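>>> Quick one, structure for this:
(2 chains)
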Amino acid sequence: MDFVNAIILLLNYIFIPALTYGSQLALGAIFVTLIYGILRFANFATGDMMSFGTMMTILFTWYFQSLGVSLGVLPTALLAIPFGIIFMIFYMLLIDKFVFKYYRNQKSPPVQFAMVSIGVMFVTQAVVRIIIGPGDRRFFDGEKFIIKAREFKEMTGLNEGLALKSTQVITIFVTIVLVSLLFWFLNRTKTGKSMKAYSDNEDLALLSGIDPKKIVLVTWVIAGILATIGGALYGLDKSFKPFTYFNNMLPIFAAAIVGGIGNPFGAFLGGYVIAFSEILLTYAYKKFFMYILPESMEPSSLVQLLSTDYKFAVSFSILVIVLIYRPSGIFKGKVL
Amino acid sequence: MVGIFQSWNIALSIFNLCLISAVMTMGANIQWGYAGLINFGIMGYTALGGLAAVLISVDPVQEAWRAGGFDILMSLWLIVVMVLVIRFVLKRFEKSKIRTYSIAAIIISGILLIRFSAEPGIEAIEAVDPAKTGFLGGFGLPIIFSWIVGALFAGGLAFIVGKVALGLRADYLAIATLLISEIVIAIIKHEDWLTRGVKNVIGLKRPAPYEVDLQTTDWFIKLVEKFNSGKLSVIENLADRQAALNQLVIEGSSVFVKLCYSGLFLVVVIILLILTQKALYSPWGRMMRAIRDNEEAANAMGKNVVKQHLLIFILGSAIVGIAGAMLVTQDGLFTPGSYRPMRYTFLIWVMVIVGGSGNNFGAILGGFVVWFLWIEAAPISLFLINFFTAGIPETNALKAHLIESVPYFRFLLMGLGLLFIMRYRPKGILPEKIEIK
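Residues are numbered from 1 along each chain as shown, chains lettered A, B, ... in the order given. Down below sits the predicted model:
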């Protein structure tokens, strides 16, 4: 019995939250990696673009709520996401036309692109803060829990409860669907394959008649979808605050690089690597050992490897180690 | 200009921060403009400089040293031993999987050992009067020394970072330095025994006199009286005149203190400017430019690219460290929570790019212009909004919303400024000028 309790404990506090957080990071990381692979620059505006998409989703959620439209047990935001995506793509294409296109035609070095993306980051931050303000916003509605901790305890008679939030299930479900669609698109369709070719070798791809304008357009569309959904899922699960989104850029970068930048599958797994290591290293295992070990050996301290304050630092350290020993990432980057 | 519109006091504090920004920008400019190294970790070096100011100037907390000083020193020793062992292993054994794993094992077991041995000490230190101290304190020296120590700290960190990360490609280096600076901030924020963490350190010593002391000093009152003799003589009533004088003395004292800081900072800026200009035109500067423009050719000419990159990375970071210590000196407080990448990394980069990379005067100009706009963006945009919406009634929701969000127009201004400069004047306002003789 104690053993089952311990397993439930880990599921509840480590496995499920890490899986959710990892999914959110994974979506962002694929976004970063696509931009890096095809447009060839590190996009420092990642977090803020995600917050722009989320903001649009929130605005539409409010609109639907004021109309009285809802999805019942599901959050209204799911209905608003497609509209958010449209605006996000529109915004990205606008930026691409007025900012990035010029440097692409000039064949500027990646560093210059990165600098420009910092300008975009500033502007996007201003736009988001001016429209919706810097405050903390929750836009979740509908049923909050699928399984409540107390009900679970009563149902199974265990000491440990297992709470399953509906946002967690939605996040994981949407991520799986979206990512499988994306990989199907990249590996099976003609456009996807030409994107891969373009990422692999630009000149060869151009020679074989691939239209670079179309590739760039499709990339931004996919990026818009990923950014909006990733941002909205994060906002649903936690809350929306522009500053947090800006900060999330850092673990997202970490995930993309750890997975091998330019490699979407690597980025996908990288998200989970980062999320799990953050939570595994900062979790206090005292209760777990209390179940597992006999009473005489119970630990007196919290058995926490690092305090939770170092959550971000963990993922960054992993990144630094990966960068030094395997700069191409765990799954060899630049293949798309 | 601000002095006339708002007050001399505000004008001077903006001027002081302009000077500090100029120092930071010069640091970044050395790395980016001279050598083409991208460093997004400016925030970390600034914070380290600030930490130096705290560690140098605060009086040591005797009780805390008694409570946990021994444990802390022991763990410091452990770290030194660990580093030595790793060096020994690196030197002694051939590169192999076993070596890598054993080094990893040494590091992990070392960290665990340090954690367990330092824990009681840290807890004891943090328990010493946590509302006031709860940390080890510093050395109780004049805070001016911290400017040098800040440079040493930042340079030391840059040495470590440079050793590991400088081999990376430009955009990877940017990300790596950004993340490392976040790690530094995380450590400063949460190691309360060293820095008090988010509880902040306030009331640091000053290199300039205190306002309160000035207000009771005779020569200062006479000075203010002399300066304002015209204004004062208009007032007939003796009591009124005394009241007016007192008011002037209070205002004057804070202006005077700020002027003291400005003087100190100006000295630093001028010294740095002379040094950097000299360096730029020296053979060393020529070599740096050669390395920047064509690394392979410079390498083929027998220049040690790796070593020079490391050197310039350390130098630039050290200058940023000085600026960090200056910043804490002028504020008189150390707030680890306030170090944000937006303000301390990206804004500085905007300064470098806008001012003109590779040109020291450009860096200073960038520091001044960008900081001035950053501060004054809110009033300016408020004025503009009021101007353009003058016909719309106050109750209009859009107008009210815009006025409420005035503080965020500074981001817009910075972003647009950066984008326009990058597009139409990619070399900055004052482009790099190298005279070829």
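
>>> Please report the distance of B:Ala290 from B:Leu37.
Remark: distance between B:Ala290 and B:Leu37 (CB to CB, to the nearest Å) = 15 Å. Heads up, the C-betas are built off the backbone N, CA and C, glycines and all.

>>> got it, and A:Tyr291?
For A:Tyr291, the distance to B:Leu37 - CB to CB - is 52 Å.

>>> any chance you could map the helices in the stretch 1-150 of chain B?
Counting by DSSP state H, counting those that start in this stretch, the stretch 1-150 of chain B has helices at residues B:2-5, B:8-29, B:42-57, B:62-64, B:70-92, B:97-127, B:145-165.

>>> could you check the angle helix B:8-29 makes with the last one?
Angle of helix B:145-165 versus helix B:8-29, following axes from the mean of the first three to the mean of the last three CA atoms, to 10 degrees, is 30 degrees.

>>> tell me the mean pLDDT for helix B:145-165?
Averaging pLDDT along helix B:145-165 gives 89.

>>> if we can go back for a sec, which one's more surrounded, B:Ala290 and B:Leu37?
B:Leu37 (23 against 17; other CB atoms under 10 Å in any protein chain shown).

>>> Enumerate every residue touching the more buried one.
B:31, B:166, B:173, B:309, B:312-313, B:316 (CB atoms under 8 Å, 6 or more residues apart in numbering or on different chains).

>>> tell me the SS of the residue of the stretch 101-250 of chain A found nearest chain B?
Residue nearest to chain B within the stretch 101-250 of chain A: A:Phe122 (2.9 Å; CB to the nearest CB). Of the three states, A:Phe122 takes helix according to DSSP: H, G, I helix; E, B strand; the rest coil.

>>> what's the spacing between it and A:Ala149?
43 Å.

>>> Give me the more crowded residue out of these two.
A:Phe122 (26 against 14).

>>> Look up the closest residue to the more buried one, ignoring the ones flanking it.
B:Gly415 (2.9 Å; CB to CB, 6 or more residues apart in numbering or on different chains).

>>> Okay, strands next: where are they in the stretch 1-150 of chain A?
Secondary structure of the stretch 1-150 of chain A by DSSP state E, counting those that start in this stretch: the strands cover A:145-147.

>>> Around chain B, which positions in it sit nearby?
Residues of the stretch 1-150 of chain A lying close to chain B (CB under 8 Å from any CB of the partner chain) are A:41-42, A:99, A:102, A:109-112, A:114-116, A:118-127, A:129-130, A:133-134.

>>> Give me the buried subset of those residues.
When the residues of the stretch 1-150 of chain A next to chain B are checked for burial by 16 or more other CB atoms under 10 Å in any protein chain shown, the buried set is A:41-42, A:99, A:110-112, A:114-116, A:118-127, A:129-130, A:133.

>>> what ranges of chain A fall below the confidence cut-off?
A:1, A:295-305, A:332-336 (pLDDT under 70).

>>> Would you tell me which helix is longest in it?
helix A:212-237 (DSSP state H).

>>> Could you do chain B as well?
Chain B, longest helix under DSSP H: helix B:238-281.

>>> packing partners for that helix?
helix B:8-29, helix B:211-215, helix B:218-227, helix B:229-234, helix B:305-331, helix B:360-388 (3 or more CB pairs under 8 Å, 6 or more residues apart in numbering or on different chains; DSSP states H and E).

>>> residues contacting the residue in the stretch 1-150 of chain B that chain A sits nearest to?
Closest to chain A within the stretch 1-150 of chain B is B:Ile38: 6.0 Å, counting by CB to the nearest CB. Contacts here follow CB under 8 Å, 6+ apart; on that basis B:Ile38 touches A:111, A:114, B:31-32, B:170-171, B:173-174, B:177.

>>> Most neighbours among those, which one is it?
Most surrounded of those: other CB under 10 Å gives B:Thr177, at 30 neighbours.

>>> SS state for B:Arg206?
coil.

>>> actually B:Gly302, sorry about that
State at B:Gly302, reduced to three classes by three-state DSSP: coil.

>>> what residues does the stretch 201-350 of chain B put near chain A?
B:342, B:346, B:349-350.

>>> What is the lowest-pLDDT residue among these?
Among these, B:Met342 has the weakest pLDDT, 84.

>>> sorry, back to before: and which of the contacts of B:Leu37 is nearest B:Gly138?
Ranked by distance to B:Gly138 (CB to CB), the contacts of B:Leu37 are led by B:Gly316 at 25.9 Å.

>>> quick one: contacts for the residue in the stretch 201-350 of chain B positioned nearest to chain A?
As assessed by CB to the nearest CB, chain A sits closest to B:Phe346 within the stretch 201-350 of chain B, at 5.7 Å. By CB under 8 Å, 6+ apart, the contact set of B:Phe346 is A:118, A:121-122, B:40.

>>> Between those residues, which sits nearest B:Phe15?
Looking across those and measuring by CB to CB, the closest to B:Phe15 is A:Phe122, at 24.1 Å.

>>> per-residue confidence for the residue of the stretch 1-150 of chain B closest to chain A?
The predicted local confidence for B:Ile38 is 88.

>>> for the stretch 151-300 of chain B, which spans come out with low pLDDT?
In the stretch 151-300 of chain B, no residues with pLDDT under 70.

>>> What is the burial count for whatever residue of chain B ends up closest to chain A?
Nearest to chain A in chain B, going by CB to the nearest CB, is B:Gly415, at a distance of 2.9 Å. If you count neighbours by other CB under 10 Å, B:Gly415 ends up with 24.

>>> Could you say which helix or strand holds it?
If you go by DSSP states H and E, B:Gly415 is part of helix B:409-424.

>>> Report the buried residues of that helix.
Buried residues in helix B:409-424, defined by neighbour count with 16+ other CB under 10 Å: B:409-415, B:417-419, B:421-422.

>>> among these, which two are most distant?
Across those (CB to CB), the longest gap, 20.0 Å, separates B:Phe409 and B:Met422.

>>> picking up where we left off before, which neighbouring elements make contact with the helix holding B:Gly415?
Here helix B:409-424 touches helix A:110-132, helix B:347-355, helix B:360-388, going by 3+ CB pairs under 8 Å, 6+ apart.

>>> go with 10 Å
helix A:101-106, helix A:110-132, helix B:347-355, helix B:360-388 (3 or more CB pairs under 10 Å, 6 or more residues apart in numbering or on different chains; DSSP states H and E).

>>> buried ones in the first one?
So that's helix A:101-106. Burial within helix A:101-106, assessed by neighbour count using 16+ other CB under 10 Å, is assigned to A:103-104.

>>> Over to stretch B:369-384?
B:369-377, B:381.

>>> now stretch A:11-29
Using 16+ other CB under 10 Å as the test for burial, stretch A:11-29 gives A:12-29.

>>> Figure out how far that stretch is from the centre of its chain.
Relative to its parent chain, stretch A:11-29 has a centroid offset of 9 Å by CA atoms, centre = their mean, to the nearest Å.

>>> Go ahead and produce CSV holding the CA coordinates of it.
In CSV, the C-alpha atoms belonging to stretch A:11-29 read as follows (Å, rounded to 0.1, in the frame of the first residue of the first chain):
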residue,chain,number,x,y,z
LEU,A,11,2.5,11.1,-10.2
ASN,A,12,0.6,14.0,-8.6
TYR,A,13,3.5,16.3,-7.8
ILE,A,14,6.1,15.4,-10.4
PHE,A,15,4.9,13.4,-13.4
ILE,A,16,1.7,15.2,-14.4
PRO,A,17,2.9,18.8,-13.7
ALA,A,18,6.1,18.1,-15.6
LEU,A,19,4.3,16.6,-18.5
THR,A,20,2.0,19.7,-18.7
TYR,A,21,4.8,22.2,-18.4
GLY,A,22,7.0,20.2,-20.8
SER,A,23,4.2,20.2,-23.4
GLN,A,24,4.0,24.0,-23.1
LEU,A,25,7.7,24.3,-23.4
ALA,A,26,7.8,21.9,-26.3
LEU,A,27,5.4,23.9,-28.4
GLY,A,28,7.5,27.0,-27.8
ALA,A,29,10.7,25.2,-28.5
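
>>> Hmm, A:Tyr13 is touching A:Lys287, no?
Yes: with contact taken as CB atoms under 10 Å, A:Tyr13 and A:Lys287 are classed as touching, separated by 8.7 Å.
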